[in-house]
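Chemist: Kindly return the folded structure for what I paste below:
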Amino acid sequence: MTLEKVIKIQADYRDSGLVERIAASFRRFWVDIKWMDMECDSGVCTIYMSIYDAHNLGNLDLSIVTLSKMVDIDFVEELEEYEYKKFEMNYKKSKKFEWGVISE
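Modeler: This next block holds a predicted model:
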């Protein structure tokens, strides 16, 4: 069984390597990225992405918490109830991670 989660990331844009650093933090734990949508406005980027654990290693939560501790990342939210349409995201419930602290 494949576990899949949709997350929202807010990050400060300082160079074009932002997306590469985010992707590398998931690949480090063998977590795959299914799709990604990114919008940047005045130096602040909002990124929606679907991640899944194809190898069933149980590293999804660890990779999300590790991502939330990166320097450029303001916060990471795990969206629980979401509806995705092309370039449009609506969600009802979320869990927010800031520097490894979980808040709902």
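
Chemist: What mean pLDDT does the longest strand along the chain get?
Modeler: Taking DSSP state E as the criterion, the chain has its longest strand at strand 73-85. Averaging pLDDT along strand 73-85 gives 84.

Chemist: Would you mind listing the buried residues in the helix or strand following that strand?
Modeler: Going down the chain from strand 73-85, the next helix or strand is strand 88-98, by DSSP states H and E. For strand 88-98, a neighbour-count test (16 or more other Cβ atoms under 10 Å) marks 94, 97 as buried. C-beta coordinates here come from the backbone N, C-alpha and C atoms, glycine included.

Chemist: Check stretch 73-84 too.
Modeler: For stretch 73-84, by 16+ other Cβ under 10 Å, it's 73, 76, 77, 78, 79, 82.

Chemist: Show me which of those residues is closest to residue 96.
Modeler: Residue 96 has its nearest neighbour among the buried residues of stretch 73-84 in residue 77, at 4.9 Å by Cβ to Cβ.

Chemist: check contacts around the closest one.
Modeler: 7, 8, 9, 94, 95, 96, 97 (Cβ atoms under 8 Å, 6 or more residues apart in numbering).

Chemist: hmm, which two among the residues you listed are most spread apart?
Modeler: Top of the distance list for the contacts of residue 77 (Cβ to Cβ): 9 and 95, 13.2 Å.
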